[in-house]
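**Q** return a 3D structure for these sequence lines:
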Amino acid sequence: MADRKNTQSWIRSTFAKSRYELINDKYNSQLLALLDLENSVPSFMGIDCATALLQDMALCQYQAKLLRKYSSEPQRYLTLDCDGITLTVRCSKVDVDNVLKPIGKDGKPRIYKAGTAAKPAAFKVLTVSTYELNKGPTLGNGKPRYSHGFELRFYGDNYKSLFLYLESSENKSGKHSLRLSFNPNKLTRDEIKQALIHVQKRIGGEYRYMQLFSKAKVTRIDFGILLPGVSSAFVQAFRNNAKRIVSECIPFDGQRVVETTYLGKRQKSSHCIVYEKLLKESKDYSEVKTAIDCLAVTTRIEWRHLPNREGHSSELKGLTAFPSRLKQMRLISPNYFYLQSNDILQTMLTDKRQESVKLRRSHIRRVLKSKGKRMSVYKIEPTWLEQQQQLLTGKLVELILYPEFEC
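**A** Residues are numbered from 1 along each chain as shown. I've put the predicted structure just below:
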């Protein structure tokens, strides 16, 4: 049976309202009431409930205060994290065969053998499908076609996993590859170390591992920040970019409150995501619903970086030089949202696309000016974002390349 203690611990340590000094318990309870976790698929409550909250002056001022504090003093209140990294490595048929070589009486591939009788591994190696990764039975776009997938799962809890995929089918080019992906937020450094050393041993040892991973390419990495106490219902976000940005909201029907906004073309380019974090996690983990009264409503802003679709190197060794794209993000202060008309508030809740928010910004400014008020727009302190990303990626590169030396 899976051990869910890790999941429970992560939820409470990440979202518990007692961890955050700026959280107001009364206002937080009002904002949590917007989340309908009783649905078979958790969602926001109806549009009328959300509109009523945006008409509440005290709540608007509370949300504005949090955003103002977070943007001006991120070093005190925020943490930049990496919510996922995917690496691809070109390798030889021998490397793949080393991983898949059968051993023991049952003839299972070597990758499955983890730990010893005297010292069992903290993880178990499971088989996972490559169907979704390969996007169906045919590919035809020149990308690797993975034939084997493995999950290194810690403590029987799928919350803590590292995934390894191998391309071992014969192909005309004779090339083979390895794909590694994991979420650094959900694994301790020691757990990542254990998993990588296991991969290292199965590939052929430290020297061969270093040969391969020193040339690894980062195909995806996600950087993000959590805004504790901030409901995404009050977030009007846009990227400060002169170019036209394709964006998307989910759901998007003019009737329901948006849960997730993609600022950028998510299938084909790097993009930013703004979403209601507790809603997302409650769809995967029932523990969120159980502990909801103790949690802080939370908005997450995340940059999904796809280096091979941008004009810069994707090498793992150059990860610390990746640009900090979260610097583009701007947030309209909700301080005076309660002064807007009912119709405007409803469109604010149901349409958060880039072009819509930028147009709405002009309307909000005009309304406030007519009432003798000024509109504020916040951004997270850019120097802090750059410094934190460099520190974070530096440690991550060191851990991946030299797992045997990591304390």
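**Q** ranges for the strands of the stretch 51-200 of the chain?
**A** 80-91, 102-103, 108-109, 123-127, 148-154, 161-167, 176-182 (DSSP state E, counting those that start in this stretch).
**Q** between those, which gets nearest to residue 214?
**A** For residue 214, the closest of those is strand 80-91, at 9.5 Å, according to C-beta to C-beta. For every residue, glycine as well, the C-beta is placed using N, CA and C.
**Q** could you list the domains of the protein?
**A** Domain assignment for the chain by automatic domain parsing gives 5-82+222-393, 84-220.
**Q** if we can go back for a sec, can you list the strands of the stretch 51-200 of the chain in TSV and add distance to residue 292, mean neighbour count and mean pLDDT?
**A** Putting the strands of the stretch 51-200 of the chain into TSV (distance: least, C-beta to C-beta, whole Å; neighbours: other C-beta atoms under 10 Å; pLDDT from 0 to 100) gives the following:
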stretch	distance to residue 292	mean neighbour count	mean pLDDT
strand 80-91	22	19	96
strand 102-103	47	10	88
strand 108-109	42	16	91
strand 123-127	30	17	95
strand 148-154	26	20	96
strand 161-167	25	22	95
strand 176-182	28	21	95
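**Q** so which of the ones you listed gets nearest residue 285?
**A** strand 161-167 (13.9 Å).
**Q** elements contacting the closest one?
**A** helix 93-100, strand 148-154, strand 176-182, helix 189-203 (3 or more C-beta pairs under 8 Å, 6 or more residues apart in numbering; DSSP states H and E).
**Q** circling back to that earlier point, pick the most deeply packed of the domains of the chain.
**A** Most buried of the domains of the chain, by mean neighbour count (mean count of other C-beta atoms under 10 Å): domain 5-82+222-393, with a mean of 18.
**Q** nearest to residue 26, of the strands of the stretch 51-200 of the chain?
**A** That would be strand 80-91 among these, by C-beta to C-beta, at 28.7 Å.
**Q** so what strands line up beside that closest one?
**A** strand 176-182 (antiparallel), strand 217-228 (antiparallel) (DSSP bridges).
**Q** tabulate the ones you listed (JSON lines), appending distance to residue 96.
**A** As requested, those are arranged in JSON lines below (distance: least, C-beta to C-beta, whole Å):
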{"stretch": "strand 176-182", "distance to residue 96": "5"}
{"stretch": "strand 217-228", "distance to residue 96": "17"}
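**Q** apart from its chain neighbours, what residue comes closest to the residue positioned nearest the centre of the chain?
**A** Nearest residue to the geometric centre of the chain (C-alpha atoms, centre = their mean): residue 83, 4.1 Å. Distances taken as C-beta to C-beta, 6 or more residues apart in numbering put residue 222 closest to residue 83, at 4.3 Å, once the chain neighbours are dropped.
**Q** what's the spacing between that neighbour and residue 176?
**A** Distance, residue 222 to residue 176, by C-beta to C-beta, to the nearest Å: 27 Å.
**Q** go on, residue 37?
**A** For residue 37, the distance to residue 176 - C-beta to C-beta - is 45 Å.
**Q** equivalent analysis for residue 12, please.
**A** 43 Å.
**Q** may I have stretch 202-214 exported as CSV, CA atoms only?
**A** What follows is stretch 202-214, C-alpha atoms only, in CSV (Å, rounded to 0.1, in the frame of the first residue of the first chain):
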residue,chain,number,x,y,z
ARG,A,202,23.2,1.0,-14.6
ILE,A,203,24.5,3.0,-17.5
GLY,A,204,28.1,2.0,-16.8
GLY,A,205,29.5,3.9,-13.8
GLU,A,206,30.6,7.5,-12.9
TYR,A,207,32.9,8.1,-15.9
ARG,A,208,30.3,7.1,-18.6
TYR,A,209,27.5,8.9,-16.8
MET,A,210,29.6,12.1,-16.7
GLN,A,211,30.5,11.7,-20.4
LEU,A,212,26.8,11.5,-21.3
PHE,A,213,25.3,14.0,-18.9
SER,A,214,27.9,16.7,-19.5
